[in-house]
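**Q** Here is my input; please provide its structure:
(one chain, ligands or ions: 2)
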Amino acid sequence: MSPGVDVATCIGCGCTDDCACFKDGKPCYWLAVDYDRGRGVCSECHDRLNEFGREYGDTGGR
Ligand SMILES: [Zn+2]
Ligand SMILES: [Zn+2]
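**A** Ligands and ions are numbered 1, 2, ... in the order given. As a prediction, the model looks like this:
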């Protein structure tokens, strides 16, 4: 089994678990994340969900 990675990077804005982007003083959260591949889509980049779904398959629901 591959251990994967601990930190995922947003495919839209490039924020990570360690360095989230902030809006109105609140950190973003993952709309979809795949720690095995180290990629995700954060709440600021919902328009990338389709792209993420095509590239990575299951987005984990919406
Ligand atoms: Zn983002
Ligand atoms: Zn973000």
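**Q** Neighbours of the spatially closest residue to Y29 that is not a sequence neighbour, how many?
**A** Leaving aside its chain neighbours, Y29 sits nearest to S43 (5.1 Å; criterion: Cβ to Cβ, 6 or more residues apart in numbering). (C-beta placed from N, C-alpha, C; glycine too.) By other Cβ atoms under 10 Å, 16 other residues sit near S43.
**Q** Would you enumerate the residues in contact with S43?
**A** Going by Cβ atoms under 8 Å, 6 or more residues apart in numbering, S43 touches C28, Y29, W30, L31.
**Q** Report pLDDT for it.
**A** pLDDT, S43: 96.
**Q** Look up how far ligand 1 lies from it.
**A** S43 is 8 Å from ligand 1, where distance means Cβ to the ion, to the nearest Å.
**Q** number of nearby residues for the residue lying closest to R48 once chain neighbours are set aside?
**A** The shortest distance from R48 to any non-neighbouring residue, by Cβ to Cβ, 6+ apart, is to G12 (4.2 Å). If you count neighbours by other Cβ under 10 Å, G12 ends up with 20.
**Q** What pLDDT does the model give G12?
**A** Per-residue pLDDT puts G12 at 97.
**Q** hang on, it packs against V41?
**A** Yes - counting by Cβ atoms under 8 Å, V41 is a contact partner of G12 at 6.2 Å.
**Q** list the residues that contact both of those two?
**A** By Cβ under 8 Å, 6+ apart, G12 and V41 have these common neighbours: R48.
**Q** Which residues of this structure lie near ligand 2?
**A** Counting by Cβ under 5 Å from the ion, the chain comes close to ligand 2 at C10, C15, C21, C28, C42, E44.
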